[in-house]
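Asks: 3D model of this:
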Amino acid sequence: MQQTPVTSVQPRAIALLPLAIFLSLFLGTGIYFHLDGVEMAFYQLASPVAILPAIILAVFLSKQELNQRIQTFVEGVGHNNIITMCLIYLLAGAFSTVAAATGGVDAMVALGLSIIPASFILPGIFLIAAVVSTAMGTSMGTLAALAPVALGLSQAAGINPALMAGVLVSGAMFGDNLSFISDTTIAATRTQGCEMKDKFRANLRIAVPAAVITVIVLAFFDTGNAPIEVPEANYWLALPYFFIIALAVTGLNVFVVLTLGIILAALFGIVAVDYEIVAFSQDIYTGFASMQEIFLLSLLIGGLSALIRQQGGLAFLSNTVERITSRLSKRPERSASFGIAGLTAFTNLAVANNTVTILLSGEVSKRLAKEGNVAPKQAASYLDIFACVVQGVLPYGAQALLMGATFGISPLAVSVNTFYCFILAVVAVATILIIGPIRANTDAPVESAAESSS
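Replies: Residues are numbered from 1 along each chain as shown. Below is the predicted model:
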């Protein structure tokens, strides 16, 4: 996340011990609570608390003077990328809360359900979840909003509840991966130093084919012709979401986009549902508070990352990943791409949180991309894609746990039915092997550029 070069730092494996402590504590606590039968076991220990012992150990391991160790940590916390990312989190949380409070989520759901033919339930639910998640920027919020609707449809049409739950998670992860206001997108673009619109376009060339394949696969399931009940809603209240997406695609500054989105959502609410100014101010603060955990964790990871970097831990991790992935391909751009993918997937398996994964893997991924001549927007895309892929299929991930509890089924049954996540992984790997990643300073895939120069 820092811009300070690490090439002069002596790689040291011991410097990664604090990171290992954080991952072990976070994962170990989740396993303990899971075995004890606690719901949402992997979310019982707040990540900002779990990282504190790691920070203390990193300060202890440093060979700098004590005051300098603290200064290194504080500089990491206050780095431009970290602060910018945290401010975007706050605005994204405020927009999501205000738009939902004024009826935007209900409008999006009703709009989608009004379009779906009865014989197209599964592909339709996938597309609705994809659109709502892209608009809201959160897979969990999307699942919470759509789960009751999807459960009712599965019961009315006699659809396997595990299949319906998996389809819903699939659509939610599509939007989580692509949304401009998703915390994963914010983290991926800030750690890799690229614009959101550029990462979005790089993502599309992988996510859209995967989504099309998913829709085709789901269309083959026989779901009958049970009628779909559309809840009452004011469709105009969905406009702020489309406004956000349209402005973000144009490349307008994200702070301006989110601020305008918050104001527009409030104005629509005032006109349509007598939304009050007092409620508006309270909802903004509620939105800020909803981002508290990831806000604090981002700051603390920034400080921990600075300490680990200063001690040579990130250099060691980067070198290790490079050695492993270089055996997969002789082309440096492919090796770098697989390195980012593998590092991201492995980290997400450990922490079961795609945003935390991106924050932890971001800096090493940036270095791998630079040395492999992979464009920052492509590196950000891979980070977000593989974090969402693993998160979507984890039986102990928040998404599977939530749907398992809502539908009264095993989280594992949910995970095995998240077809989009599996298809997305295959498409992403195939893209790396066949087309090649987009290289730095050009919009052309590396393979194509190499061929044109020969």
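Asks: chain neighbours aside, what residue packs nearest to residue 13?
Replies: residue 316 (5.2 Å; CB to CB, 6 or more residues apart in numbering). Bear in mind the C-beta positions are built from the backbone N, C-alpha and C, glycine included.
Asks: now name the helix or strand holding the one you found.
Replies: If you go by DSSP states H and E, residue 316 is part of helix 313-325.
Asks: skip ahead from that helix and say which helix or strand is next.
Replies: Next helix or strand after helix 313-325 toward the C-terminus (DSSP H and E): helix 332-351.
Asks: show me what that following helix is packed against.
Replies: If you count contacts as 3 or more CB pairs under 8 Å, 6 or more residues apart in numbering; DSSP states H and E, helix 332-351 packs onto helix 17-35, helix 313-325, helix 354-371, helix 376-393.
Asks: average pLDDT for the last one?
Replies: What that stands for is helix 376-393. Averaged across helix 376-393, pLDDT comes to 93.
Asks: taking helix 376-393 as reference, get the angle to the helix or strand just after that helix.
Replies: Next in sequence after helix 376-393, counting helices and strands by DSSP H and E, comes helix 398-407. With axes from the mean of the first three to the mean of the last three CA atoms, to 10 degrees defining the directions, helix 398-407 sits at 30 degrees from helix 376-393.
Asks: tell me which other helices or strands helix 398-407 touches.
Replies: The contact analysis (3+ CB pairs under 8 Å, 6+ apart) places helix 398-407 against helix 139-157, helix 161-178, helix 411-415.
Asks: which residues does residue 259 contact?
Replies: residue 91 (CB atoms under 8 Å, 6 or more residues apart in numbering).
Asks: any chance of the helices and strands packed on helix 398-407 in CSV, plus mean neighbour count?
Replies: CSV is the format used below for the helices and strands packed on helix 398-407 (neighbours: other CB atoms under 10 Å):
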stretch, mean neighbour count
helix 139-157, 20
helix 161-178, 28
helix 411-415, 22
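Asks: now these in JSON lines, with distance to residue 113?
Replies: Shown next, in JSON lines, are those (distance: least, CB to CB, whole Å):
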{"stretch": "helix 139-157", "distance to residue 113": "7"}
{"stretch": "helix 161-178", "distance to residue 113": "13"}
{"stretch": "helix 411-415", "distance to residue 113": "22"}
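Asks: nearest approach to residue 83 belongs to which of those helices?
Replies: Nearest to residue 83, of all the helices and strands packed on helix 398-407, is helix 161-178, at 23.6 Å by CB to CB.
Asks: now that closest one, how far from the chain's geometric center?
Replies: When distances are taken as CA atoms, centre = their mean, to the nearest Å, helix 161-178 is centred 13 Å away from the chain's centroid.
Asks: right, and the helix or strand after it?
Replies: The helix or strand immediately downstream of helix 161-178 is helix 183-192, counting by DSSP H and E.
Asks: against residue 290, how distant is the residue nearest in space to the middle of the chain?
Replies: Central residue of the chain (CA atoms, centre = their mean): residue 184, 3.1 Å from the mean position. The spacing between residue 184 and residue 290, counted by CB to CB, to the nearest Å, is 15 Å.
Asks: coming back round to it: so for the helix holding residue 316, what gets flagged as buried?
Replies: For helix 313-325, burial by neighbour count (16 or more other CB atoms under 10 Å) applies to 313-318, 320-322, 325.
Asks: tell me the phi and psi of residue 374?
Replies: Phi and psi for residue 374, reported as degrees, to the nearest 10, are phi -100, psi 130.
Asks: for it, what are its contacts?
Replies: Residue 374 neighbours (CB under 8 Å, 6+ apart): 333, 336-337, 340, 368, 437-440, 446.
Asks: do residue 53 as well
Replies: Contacts of residue 53 (CB under 8 Å, 6+ apart): 21-22, 25.
Asks: tell me the one of those nearest residue 218?
Replies: residue 22 (38.3 Å).
Asks: just the pLDDT for that closest one.
Replies: Note for residue 22: predicted pLDDT of 85.
Asks: do you know how far the closest residue to it other than its chain neighbours is from residue 101?
Replies: Nearest in space to residue 22, with sequence neighbours left out and distances taken as CB to CB, 6+ apart, is residue 54 at 3.9 Å. Taking CB to CB as the measure, residue 54 falls 37 Å from residue 101.
Asks: higher neighbour count, those two?
Replies: It is residue 54, of residue 54 and residue 101, that has more neighbours when counted by other CB atoms under 10 Å, with 24 against 21.
Asks: angle of whichever strand or helix holds the more buried one against helix 17-35?
Replies: According to DSSP H and E, residue 54 maps onto helix 52-61. When the same axes, to 10 degrees is applied, the directions of helix 52-61 and helix 17-35 differ by 160 degrees.
Asks: what about helix 52-61, distance to the chain center?
Replies: Counting by CA atoms, centre = their mean, helix 52-61 is centred 27 Å from the centre of its parent chain.
Asks: buried sites along that helix?
Replies: Buried positions in helix 52-61, judged by neighbour count with 16+ other CB under 10 Å: 54-55, 57-59, 61.
Asks: pLDDT (mean, whole number) over the helix or strand that comes right after it?
Replies: Per DSSP H and E, the first helix or strand lying C-terminal to helix 52-61 is helix 66-77. Average pLDDT, helix 66-77: 92.
Asks: ditto for stretch 274-285
Replies: On average, stretch 274-285 scores 92.
Asks: same question for stretch 121-134.
Replies: The average pLDDT for stretch 121-134 rounds to 88.
Asks: next, count neighbours for the closest residue to residue 74 other than its chain neighbours.
Replies: Once flanking residues are discounted, residue 74 sits nearest to residue 303: 6.8 Å by CB to CB, 6+ apart. If you count neighbours by other CB under 10 Å, residue 303 ends up with 23.
Asks: that older thread, could you dump the buried residues of helix 52-61 to CSV with distance to residue 252?
Replies: Output for the buried residues of helix 52-61, formatted as CSV (distance: CB to CB, whole Å):
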residue, distance to residue 252
54, 38
55, 37
57, 43
58, 38
59, 41
61, 44
